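Chemist: A predicted structure for the sequence below; I have some questions about it.
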Amino acid sequence: MSRQIFINLPVADLDRSRAFFTALGFPVNPTFSGEDAACIQISEMISLMLATHAKFRDFTPKEVCDTSKAIEVLFSLSCESREEVDSLVARALAAGGSTYDEPEDFGFMYTHSFVDPDGHGWGVLYLSGEPAA
């Protein structure tokens with residue numbers, strides 16, 4: 001069985017977050033989107049559910065993480081090439097994101113990262129082979 005993953009993220013400004021992820025080239029799935037949430041289609045198997053803080057609190061009794069002070073999770077997203085890694089980070093920066101590191105080349109893996117406008121960390125990587133033993 002192929003499994004899908006639905007990532008639920010709280011966002012302070014839904015319109016800003018929707019614009020950010022569509023600027024990266026990810027479409028909105030209108031079937032699962034509305035006034036207080038937007039479904040961003042990362043791939044056929046990965047959906048990113050952006051929810052306003054109020055909507056997100058419907059799913060959990062816990063407080064929403066203050067990403068200016070703490071990290072809740074780091075996502076890693078594979079790319080098809082080094083160029084796609086660089087392009088995705090460049091689009092993220094142009095759309096209002098930030099980064100806290102430089103690209104790294106480990107021979108078998110090329111990585112970089114960006115932080116979305118709500119402070120969620122995204123690693124992007126291209127795997128070109130197996131690590132040396």
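Modeler: Yep, it's here. Numbers count the residues shown, from 1 in each chain.

Chemist: Helices of this structure, residue ranges please.
Modeler: Per DSSP state H, the chain carries helices over the ranges 14-23, 53-56, 82-94.

Chemist: Which among these is found nearest to residue 64?
Modeler: helix 53-56 (5.4 Å; CB to CB). Yep, even glycine has a C-beta here, placed from its N, CA and C like the rest.

Chemist: What helices and strands are in contact with that closest one?
Modeler: Packing contacts for helix 53-56, counted by 3 or more CB pairs under 8 Å, 6 or more residues apart in numbering; DSSP states H and E, involve strand 5-11.

Chemist: hmm, 10 Å instead?
Modeler: Where contact means 3 or more CB pairs under 10 Å, 6 or more residues apart in numbering; DSSP states H and E, helix 53-56 is packed against strand 5-11, strand 46-52.

Chemist: Local confidence estimate at residue 130?
Modeler: On the pLDDT scale, residue 130 is placed at 76.

Chemist: So this protein: which segments form each domain?
Modeler: Following automatic domain parsing, the chain resolves into domains at 1-64, 71-133.

Chemist: could these be laid out in TSV, adding mean neighbour count?
Modeler: As requested, the domains of the chain are exported to TSV (neighbours: other CB atoms under 10 Å):
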stretch	mean neighbour count
domain 1-64	15
domain 71-133	15
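
Chemist: sorry, back to before: quick one: closest of the helices and strands packed on helix 53-56 to residue 71.
Modeler: Of the helices and strands packed on helix 53-56, nearest to residue 71 by CB to CB is strand 5-11, at 12.8 Å.

Chemist: related to what we said a few turns ago, got a markdown table for the helices of the chain, with distance to residue 4 and mean pLDDT too?
Modeler: Formatted as a markdown table, the helices of the chain follow (distance: least, CB to CB, whole Å; pLDDT from 0 to 100):
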| stretch | distance to residue 4 | mean pLDDT |
| --- | --- | --- |
| helix 14-23 | 18 | 98 |
| helix 53-56 | 20 | 95 |
| helix 82-94 | 21 | 97 |
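
Chemist: Which among those is found nearest to residue 38?
Modeler: So among the helices of the chain, helix 14-23 is nearest, using CB to CB, at 4.6 Å.
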